[in-house]
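Novice: The following block contains a protein sequence and its predicted model.
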Amino acid sequence: MNGDTIKITVLLFGACREAAGAGEMNCDLTSPADVAGAWNEVKARFPNLEKFERSALFAVNEEHARKDQPLEDGDTLAVFPPVSGG
Amino acid sequence: MDIFEITREPIDKLGLEKRLLTGGAGAVVTFDGVVRDNTKGRRVVSLQYEAYGPMAVKEMRRIGDEIRERWPDVERVGIIHRFGPLKISESSVVIVITSPHRRVAFEACRYAIDRLKQTVPIWKKEIFEDGEEWVEGQAPEVGQ
């Protein structure tokens, strides 16, 4: 329902995790919520993440996601820089 | 059976090839990504890899699906990526493709490593003699 509070888990990886000094946090959002809104909450809590504004990527429940993707109660949002495996 | 794994332990490359070998295979192409001792001339002491484990395995499996769509002749796909601290010359990723004939295995193996570097959520930090830096990945294409 619009206006309800939803709870999500936020995971941070790589340089984002290091800049925040945390790898996992809980976040309360007001429905309807999306990735962009959650990202704003995370940045407000960890201002050091502001430098990732242009580069940060997102995944919702282990699937790559865009900023306009809606979030539901219980979702897991991951925030990370462009991947550099290999 | 295809194999998609992440591990903190050294990767058993020969073991992976063996696990994937079937009677129908006539070619085994293996890509072995190893830790280089320098980045643009700056001496690297070691690398530190971090993975979003469950999603990394999912994305590897997706690469396997993409390979089968493009090259239906592929017999087996195996991808193992290591995480944690790695020393110079240790393998960070091993990809094995088997197929009846060589061309398909070469092409699919090249595709797998290129795709892995775009989509699999793993990050590396270079530890230099005089500091450390996260390696900047390439921004993915739109629509991913």
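Specialist: Thanks, I have it.
Novice: Give me every residue in chain A lying close to chain B.
Specialist: Chain A has residues A:11, A:13-15, A:17-18, A:55, A:57, A:59, A:62-64, A:78, A:80-86 near chain B, with proximity defined as CB under 8 Å from any CB of the partner chain. Every C-beta, even on glycine, is put in place using the N, C-alpha and C of the backbone.
Novice: Buried subset of these as a PyMOL selection?
Specialist: Selection command for PyMOL covering only the buried members of the residues of chain A next to chain B, criterion 16 or more other CB atoms under 10 Å in any protein chain shown:
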select buried, chain A and resi 11+13+14+15+17+18+57+59+62+64+78+80+81+82+83+84+85+86
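Novice: mind listing which of the residues of chain A next to chain B are in helices?
Specialist: A:14, A:15, A:17, A:18 (DSSP state H).
Novice: Let me know the closest of these to residue B:123.
Specialist: Sorting those by distance to residue B:123 puts residue A:14 at the head of the list, at 3.4 Å, by CB to CB.
Novice: which ones are touching that closest one?
Specialist: The contact partners of residue A:14, taken as CB atoms under 8 Å, 6 or more residues apart in numbering or on different chains, are A:80, A:81, A:84, B:50, B:123, B:125, B:134.
Novice: Once you drop chain neighbours, what's closest to it?
Specialist: Computed as CB to CB, 6 or more residues apart in numbering or on different chains, the closest residue to residue A:14 that is not its neighbour in sequence is residue B:123, at 3.4 Å.
Novice: Surely that neighbour and residue B:81 touch.
Specialist: No - with contact defined as CB atoms under 8 Å, residue B:123 and residue B:81 do not form a contacting pair (11.4 Å).
Novice: Overlap of the contact sets of those two?
Specialist: With contacts taken as CB under 8 Å, 6+ apart, residue B:123 and residue B:81 have A:85, B:49, B:51 as neighbours in common.
Novice: What mean pLDDT does whatever helix or strand residue B:18 lives in get?
Specialist: Residue B:18 is part of helix B:13-20, with elements assigned from DSSP states H and E. Helix B:13-20 shows a mean pLDDT of 98.
Novice: Just the residues contacting it, thanks.
Specialist: Contacts made with helix B:13-20 from outside it, assessed by CB under 8 Å, 6+ apart, are listed as B:2-3, B:28, B:30, B:32, B:75-78, B:80, B:91, B:94, B:96, B:98.
Novice: I'd like the residues you listed laid out as a markdown table, including distance to chain A and secondary structure.
Specialist: What follows is these, written out as a markdown table (distance: CB to the nearest CB, whole Å; DSSP: H, G, I helix; E, B strand; the rest coil):
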| residue | distance to chain A | secondary structure |
| --- | --- | --- |
| B:2 | 18 | coil |
| B:3 | 17 | strand |
| B:28 | 20 | strand |
| B:30 | 14 | strand |
| B:32 | 11 | strand |
| B:75 | 23 | coil |
| B:76 | 21 | strand |
| B:77 | 16 | strand |
| B:78 | 15 | strand |
| B:80 | 12 | strand |
| B:91 | 11 | strand |
| B:94 | 11 | strand |
| B:96 | 15 | strand |
| B:98 | 21 | strand |
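Novice: Nothing else from me, thank you.
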